[in-house]
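**Student:** Requesting a structural model of the entry that follows:
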Amino acid sequence: MHHTIETSNLRFAYPDGRRALDGVSLHIAPGEKVALVGPNGAGKSTLLLHLNGTLRGQGEVRVCGKAVNDDNLPAVRAAVGLVFQDPDDQLFSSNVFDDVAFGPIYMGLSQGEVRDRVEKALAAVGMAGSEERVPHHLSGGEKKRVAIATVLAMDPEILVLDEPTAGLDPRSRRGLIQLLRALPQTMLASTHDMRLVAELFPRSVVLDGGVVVADGATTELMARPEFLEAHGLEAG
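**Tutor:** Residues are numbered from 1 along each chain as shown. Alright, predicted model coming up:
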């Protein structure tokens, strides 16, 4: 069985010489829901951007058994749905339908298939019937749901989320957690929200200074408040 996500000794330095990843090896099995936690500047977003080939470092990255390289990039990007921290980075059309349809149209699907994908994706995030709404009139929680729908419409195997609960009020946050819990995809989420981690992710990977300093059961991690604190995290 191939791992859905596999990185081996991944290293990456920015042009200014700052080393963001320093030998990260990570294996995520199909269907796993994994949290990626650590202080700001730990390399979490940098790691996420390697999973769809936006950034390329040294070492190996494989997605669904395929090496992330130029030849495989279209297949990798189809498999990995990346949901950015700020939904406004993902929503740019004049209505919700066009935003969610963008990916399926780009994939070359027929008009009927595109409509079908849009309906299914919006239903999956609890936003059915909102096709004609204007994205920038939506609430923060609704924007986040539609941003996830834009990714679900491409039917990815893997959902990669950067700070999914950032900026949400408590009710939107609870709704988002229920939504993510119900989705079948393999999931990797970078977050500072340790309550989210405790509620949704059975496994946690702690990244600090570009190095994996812990990888294991979330319950065990939560039982080590001193360790969490040492890595800029608060127990939930």
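
**Student:** use CA for all of it now, contacts and neighbours both
**Tutor:** OK.

**Student:** ok now the helix or strand hosting residue 226, how far from the chain's centre?
**Tutor:** Assigned by DSSP states H and E, residue 226 falls within helix 225-230. Between the mean C-alpha location of helix 225-230 and the chain-wide mean there is a distance of 25 Å, by CA atoms, centre = their mean, to the nearest Å.

**Student:** quick one, phi psi at the residue nearest to residue 184 when sequence neighbours are not counted?
**Tutor:** Once flanking residues are discounted, residue 184 sits nearest to residue 31: 6.7 Å by CA to CA, 6 or more residues apart in numbering. Residue 31 adopts backbone torsions of phi 90, psi -10, taken as degrees, to the nearest 10.

**Student:** Pretty sure residue 31 sits against residue 183.
**Tutor:** No: here residue 31 does not reach residue 183: they are 9.8 Å apart, not a contact under CA atoms under 8 Å.

**Student:** all strands of the protein, in order?
**Tutor:** Per DSSP state E, the chain carries strands over the ranges 5-13, 19-28, 33-37, 58-63, 66-67, 80-83, 158-162, 186-190, 203-208, 211-217.

**Student:** Out of the ones you listed, flag the one nearest residue 196.
**Tutor:** Nearest to residue 196 among those is strand 33-37; the distance by CA to CA comes to 9.1 Å.

**Student:** Take the strands of the chain and lay them out in CSV including distance to residue 109, mean pLDDT and mean neighbour count.
**Tutor:** Formatted as CSV, these follow (distance: least, CA to CA, whole Å; pLDDT from 0 to 100; neighbours: other CA atoms under 10 Å):
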stretch, distance to residue 109, mean pLDDT, mean neighbour count
strand 5-13, 26, 96, 20
strand 19-28, 30, 96, 18
strand 33-37, 29, 97, 26
strand 58-63, 23, 96, 19
strand 66-67, 23, 94, 18
strand 80-83, 17, 94, 25
strand 158-162, 20, 96, 24
strand 186-190, 24, 97, 24
strand 203-208, 36, 96, 23
strand 211-217, 39, 97, 16
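
**Student:** Of these, which is nearest residue 151?
**Tutor:** Of those, nearest to residue 151 by CA to CA is strand 80-83, at 5.2 Å.
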